[in-house]
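S.K.: quick one, fold the following:
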Amino acid sequence: MNRPRLQLLRNGWYPATLDRPVCAMTFHALDLYLELSHQSKLNMYDYYWALSHLMDSMQLEDIDVSPFSLDVAATC
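M.R.: All right, here's what the predicted structure looks like:
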């Protein structure tokens, strides 16, 4: 196991890629998405936008959507 990925996992972050991870999601965020998707059939797109509105409800910053965040449902 490569060192950056192992460091992310030890600190509670799930890396987006196996080689040279650049972005990651916390295990807490993944668990929350899993529970919401099972209970209410929430898709990743709506989950992402709900999180972005919680962080920046006035949309003062342009938020970059990574393909990883929209494909994370396949890994849960």
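S.K.: longest helix in this structure, please.
M.R.: When every helix of the chain is counted residue by residue (DSSP state H), the longest turns out to be helix 27-40.
S.K.: for burial, what's the neighbour tally of residue 33?
M.R.: When counting by other CB atoms under 10 Å, one arrives at 22 neighbours for residue 33. All C-beta spots, glycine's among them, are computed from the backbone N, C-alpha and C.
S.K.: my bad, residue 2
M.R.: Here the count is done by other CB under 10 Å, and residue 2 has 11 residues near it.
S.K.: one step back: give the buried residues for the longest helix of the chain.
M.R.: Within helix 27-40, the residues that qualify as buried are 29-30, 33, 37, counting by 16 or more other CB atoms under 10 Å.
S.K.: dump those residues into JSON lines; add distance to residue 52 and pLDDT as well.
M.R.: Shown next, in JSON lines, are the buried residues of helix 27-40 (distance: CB to CB, whole Å; pLDDT from 0 to 100):
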{"residue": "29", "distance to residue 52": "12", "pLDDT": "86"}
{"residue": "30", "distance to residue 52": "16", "pLDDT": "86"}
{"residue": "33", "distance to residue 52": "14", "pLDDT": "87"}
{"residue": "37", "distance to residue 52": "17", "pLDDT": "88"}
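S.K.: mind putting these into CSV with distance to residue 11?
M.R.: What follows is the buried residues of helix 27-40, written out as CSV (distance: CB to CB, whole Å):
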residue, distance to residue 11
29, 14
30, 14
33, 19
37, 24
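S.K.: distance of residue 28 relative to residue 34?
M.R.: Residue 28 sits at a distance of 11 Å from residue 34 (criterion: CB to CB, to the nearest Å).
S.K.: quick revisit: so how far is the longest helix of the chain off the chain centroid?
M.R.: With CA atoms, centre = their mean, to the nearest Å as the basis, helix 27-40 stands 11 Å off its chain's centre.
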